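>>> What follows is a protein structure lacking sequence information:
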């Protein structure tokens, strides 16, 4: 088995919540479908191969952090239409100040 993340076929819905910008008075909530269970192979601090079996909430959290390591952020999970709606709302909020 190569290093990396290996997922089960069963999926689970998770929810991402963000305040864009961080000072916003409202939250943006999206649902993301992720594998329910994962197996992650990695090297520990001493360079020794380790395996983490994770499911449920731990699986969701690990996948979320791996997204960050791979440069995937909140807005990458949102459709163009939803991004445009959010941008319009933020622009309107900025003009009101």
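Received, thanks. This is a predicted model, so every value here is computed, not measured.

>>> Just the element for the nearest residue to residue 73 once chain neighbours are set aside, please.
The spatial neighbour of residue 73 that comes closest, neighbours along the chain excluded (Cβ to Cβ, 6 or more residues apart in numbering), is residue 67 at 7.5 Å. All C-beta spots, glycine's among them, are computed from the backbone N, C-alpha and C. Assigned by DSSP states H and E, residue 67 falls within helix 56-69.

>>> helices or strands up against that helix?
Helix 56-69 is packed against strand 4-7, strand 11-18, strand 28-35, strand 37-43, with contacts defined by 3 or more Cβ pairs under 8 Å, 6 or more residues apart in numbering; DSSP states H and E.

>>> ok, back up a step: relative to residue 48, how far out is the residue nearest to residue 73?
According to Cβ to Cβ, to the nearest Å, residue 67 stands 25 Å off from residue 48.

>>> Neighbour count for these two, which is higher?
residue 67 (17 against 8; other Cβ atoms under 10 Å).

>>> I'd guessed the more buried one sits against residue 75; true?
No - using Cβ atoms under 8 Å, residue 67 makes no contact with residue 75, being 11.7 Å away.

>>> quick one on the thing from earlier: do you know which of the helices and strands packed on helix 56-69 lies nearest residue 57?
strand 11-18 (8.7 Å; Cβ to Cβ).

>>> List the contacts of that closest one.
27-36, 56, 59-60, 64, 74, 77 (Cβ atoms under 8 Å, 6 or more residues apart in numbering).

>>> Among those, which one has the most neighbours?
Counting by other Cβ under 10 Å, top hit in these: residue 59 with 24 neighbours.

>>> Dig out what residue 28 forms beta bridges with.
residue 18 (DSSP bridges).
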